[in-house]
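Novice: next one to model:
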Amino acid sequence: MADELILLSIGLPWLGALLVWLLGDRKAKFQHGIAVLFAVASAVTACLLLPNVGTSTVVSFPMETTFGEFNFVADGLGVFLAVIATVVGSLAVIFSVDYMKGAAQLGRYYAMVLFFIGAMVGLVLTSNILLMFVFWEITALCSYALISFYNDDPKAVSGGMKALIITQFGGLGLMLGALVLFAYTGSFDINVFLANPSVLPSNILGVMAFGFLIAAAAKSAQFPFQTWLPDAMEAPSPISALIHAATMVNAGVYLLARFFPAFEGVPGWRISVMVVGMLSALMAAVMALVATDLKRVLAYSTVSQLGYMVYAVGAGGVFASQFHLMSHSIFKALLFLAAGAVIHSVGTRDMRQMGGLGKKLPFVRIVFVIGALALAGIPIFNGFWSKELILEVGMHGNPIWLYVIMLIVAGLTALYTFRCVWLVFYGEERSELHVHPVGIFSKIALAPLAIGAVTTWLLAGPFSNLLAESLPTHSIHELSLMEMIREVIGTPATYIALAVVTLGLMTWVVREQISGVVKNLRFLETAAVQSFGFEAINRGIVAGVQKIAEGLRGSQTGLLNWNVFGIVAGLILVLAALLIGA
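Specialist: Below you'll find the predicted structure:
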C-alpha cells in the first residue's frame, strides 16, 4: 500500500503536468480543472501515507553498481514534508483558478507548478542522495521557470536568473556531499550513512557537513545567499506561496534536519549553523521593517523565519525546527495568498498607496490578520508555540548571546508585522484604488489555512510521535500536547519573549512620539534597503556567471553536424566513465 502511495504522490502531479500541457491554452477551464484535480489527488495520497510511516525501504529500483538503488522511505520527516508540499501546493493551485483567470500560457504555468510539487515530494521521500540531488535540481529549474513566468517583464526574468544562479551554489554543495559519500562508502544510501557516519574520516565528514550547510543556506535563502528570495516576488502570488511555504525554501532546512545526526559532532558545525540562522533572522527582520512592497515584506519575513528553523537545528532542536516549519508553512501560505488577493483586487503592491482596505475586503482582512498574529507569535496561534519551543531550545546549553539576539528578532517580527497589517488594512485611504471582489476559489483556498493557523499546534503530540518513532538516529524526545503546553507556559523565558513581542507592537503604536529616534537610525534603513551590501555582491556574482555564459555561446555553432558530433562524443565519454566505475 505505502509503495503505491509514494509513487502516486510523485506521479500524479507529474501526470497532471503532462496532461495540462498537452491540452492547450484554448481550453482554459479544462486546464484549471485538471490542475486542481491532480493537485488535490496528490495531496490525498500524501496524507494517506501518514498511517504507513516507518523506517524501512518501501520502494526500490535497482540501478546496478554505479548508482546503487533508488530507494524511497516513508519515514516521519519525509512524509510530513510531502504532506506540506502537496496540501499547500493544492491550495495554491485552487487559488490560481481565480488569480490566473484570463492569463496567457496557462499550460506552462500549471505544468511547472505540478512538476514542482512532484519533485519536492520525491526529494523528501528518497533515501538515495544522488536521486535527492536530481530532485533538488528539478525544483531549481521549476522555481526559475515560475519566477520568470511573466517573461516579457525584465524584473521577472532577472529574478528567475538570480534565483537559479545563486541556488546552484546549493546544488554544488549537495553534489559534493554525494560524491564524497560514494567515494568512501560505495553507496548513496542516506540511512546507511546516518546509522554509521564514522565510515568517513573526520576531516572528510567536516567537508561534507559544511558543504551541506552551504547547500542549505543557498536553497533556503540564508546568509549570505538571502538576496534571491525577495526578487522572486516577481512571480505570480500563488507561486510565492508555493516557493515560500511549501517547496523550495523548505528543502534547505530539511537537508540540515535530515543529516543532523551525522554532523552534530563535527567541530564548529553546530555553532556555524546557529550563527547563519541568527544572521539571516536578524538582517531579514530589519529589511522587512523598511520595505514598502507588500510581497517583499513577506519575503523578508520568510528569510527571517527560516533563520529560526536553521538556528533550532544548530541548537539541537530538530523537532522544534520542524514544528515551526509546519506552523510557518501554514501561516505564510495564508499571508502570501491573502496578499495576492489584495494585490489582485487593487492592482498595486505598494503599501504606501493602500490603507483602509479592511472595509472593502473584510474576508481577506480577517484571514490576513490571523496569519499575522501567528507570524508575530501571539498566543494561541500556531506560530507562538513553535517559536517558543525554538527559543527554549536555544536557551539551554547554547551561547546565550545568540538566544538574546533571537529574542530581539521576535520583537522586530511583531513590529514589522503590525506595521504591514496597519498600512494595508487600517488607517485612512492614502490613494483612490478601485477594489475588485475576491473570487470564491480564493476564499476556498484561504479558509482552511486560516483554520490551520489557529489549530495545528494541537498536533504537537502526534507530530512528535511521528518523528520520534521513525527517526531512530535523531534521538527525538516524544512530547505530548499537554507536556508541550506545560513546558511553554511554565518557562519564565516565555513571558520574557511575550514582553519583547509586546514591546515590538507598542513601538509601532508610539511611532510618532519616537520619530526623533527613528531619524537617527536612517543609516540603518539605507543599509537595509541595499541588503547590507550583499545585494551588490550577489549582483556581481550573477553578472559574472552571465558573462561567462555569453562567452561560451561561441561554442554553439548552429551547425547540425557539429552539434550531433558533440552529443555523441559526450555520450561516449559518459558511457566510458560508467563502465570504468562499474
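
Novice: select the longest helix from this structure.
Specialist: helix 154-185 (DSSP state H).

Novice: hmm, who's touching the following helix or strand past that helix?
Specialist: Following helix 154-185 in sequence order, the next helix or strand is helix 190-195 (DSSP states H and E). The contact list for helix 190-195 (Cβ atoms under 8 Å, 6 or more residues apart in numbering) reads 55, 73, 127-129, 132, 181, 185, 187, 199, 258-259, 261-262, 473. Yep, even glycine has a C-beta here, placed from its N, CA and C like the rest.

Novice: let's see it at 6 Å
Specialist: 127, 129, 181, 261-262, 473 (Cβ atoms under 6 Å, 6 or more residues apart in numbering).

Novice: try stretch 49-63
Specialist: 2-3, 5-6, 69-76, 79, 466, 470.

Novice: stretch 240-253 too?
Specialist: By Cβ under 6 Å, 6+ apart, the residues outside stretch 240-253 that reach it are 84-85, 88-89, 92, 116, 120, 139, 143, 216, 219-220, 302, 306, 309, 325, 329, 332-333, 336-337.

Novice: got CSV for the contacts of helix 190-195, with neighbour count, pLDDT and distance to Leu172 too?
Specialist: Below are these laid out as CSV (neighbours: other Cβ atoms under 10 Å; pLDDT from 0 to 100; distance: Cβ to Cβ, whole Å):
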residue, neighbour count, pLDDT, distance to Leu172
Ser127, 25, 89, 22
Ile129, 24, 90, 14
Leu181, 25, 87, 15
Pro261, 18, 93, 24
Ala262, 24, 91, 19
Thr473, 17, 87, 26
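
Novice: host element of Ser60?
Specialist: For Ser60, the host element (DSSP H and E) is strand 57-62.

Novice: could I get the average pLDDT for that strand?
Specialist: Strand 57-62 carries an average pLDDT of 74.

Novice: and if you look at stretch 374-385?
Specialist: Stretch 374-385 comes out with an average pLDDT of 92.

Novice: tally of neighbours for Phe323?
Specialist: As a burial measure, Phe323 scores 29 neighbours (other Cβ atoms under 10 Å).

Novice: so what's it closest to, chain neighbours aside?
Specialist: In space, and not counting its chain neighbours, Phe323 is closest to Ser386: 4.5 Å by Cβ to Cβ, 6 or more residues apart in numbering.

Novice: is it true that the one you found touches Ser327?
Specialist: Yes: between Ser386 and Ser327 there is a contact under Cβ atoms under 6 Å: 4.2 Å.

Novice: if you count surrounding residues, which of those two has more?
Specialist: Higher neighbour count among Ser386 and Ser327: Ser386, with 30 against 26, using other Cβ under 10 Å.

Novice: the host helix or strand of that one: what's the following helix or strand?
Specialist: Per DSSP H and E: Ser386 is located in helix 382-395. Counting by DSSP H and E, the next helix or strand C-terminal to helix 382-395 is helix 400-425.

Novice: so what does that next one touch, helix or strand wise?
Specialist: Contacts defined by 3 or more Cβ pairs under 6 Å, 6 or more residues apart in numbering; DSSP states H and E place helix 400-425 against helix 269-290, helix 362-376, helix 382-395, helix 492-509.

Novice: which one of those is the most hemmed in?
Specialist: For these, the largest average neighbour count (mean count of other Cβ atoms under 10 Å) is found in helix 382-395, namely a mean of 25.

Novice: the inter-axis angle of that helix versus helix 362-376?
Specialist: 10 degrees (axes from the mean of the first three to the mean of the last three Cα atoms, to 10 degrees).

Novice: now helix 382-395: how far from the chain's centre is it?
Specialist: Here helix 382-395 is found 19 Å from its chain centre; the criterion is Cα atoms, centre = their mean, to the nearest Å.

Novice: about what we covered before: just the contacts of stretch 240-253: which are in helices?
Specialist: 84-85, 88-89, 92, 116, 120, 139, 143, 216, 219, 302, 306, 309, 325, 329, 332-333, 336-337.

Novice: can you turn the buried part of the residues you listed into a ChimeraX selection?
Specialist: Remark: buried members of the ones in helices among the contacts of stretch 240-253, expressed as a ChimeraX selection using 16 or more other Cβ atoms under 10 Å:
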select :84,85,88,89,92,116,120,139,143,216,219,302,306,309,325,329,332,333,336,337
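
Novice: picking up where we left off before, adding distance to Tyr416, write the helices and strands packed on helix 400-425 out as TSV.
Specialist: Formatted as TSV, the helices and strands packed on helix 400-425 follow (distance: least, Cβ to Cβ, whole Å):
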stretch	distance to Tyr416
helix 269-290	4
helix 362-376	9
helix 382-395	14
helix 492-509	8
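
Novice: for this protein, what helix or strand is lowest in average pLDDT?
Specialist: Ranked by mean pLDDT, DSSP states H and E, the weakest helix or strand in the chain is helix 515-519, scoring a mean of 64.

Novice: would you list the phi and psi of Thr126?
Specialist: Backbone torsions of Thr126, given as degrees, to the nearest 10, read phi -80, psi 150.

Novice: leaving aside the residues next to it on the chain, what's closest to Tyr311?
Specialist: Using Cβ to Cβ, 6+ apart and skipping the chain neighbours, the partner closest in space to Tyr311 is Gly277 (3.1 Å).
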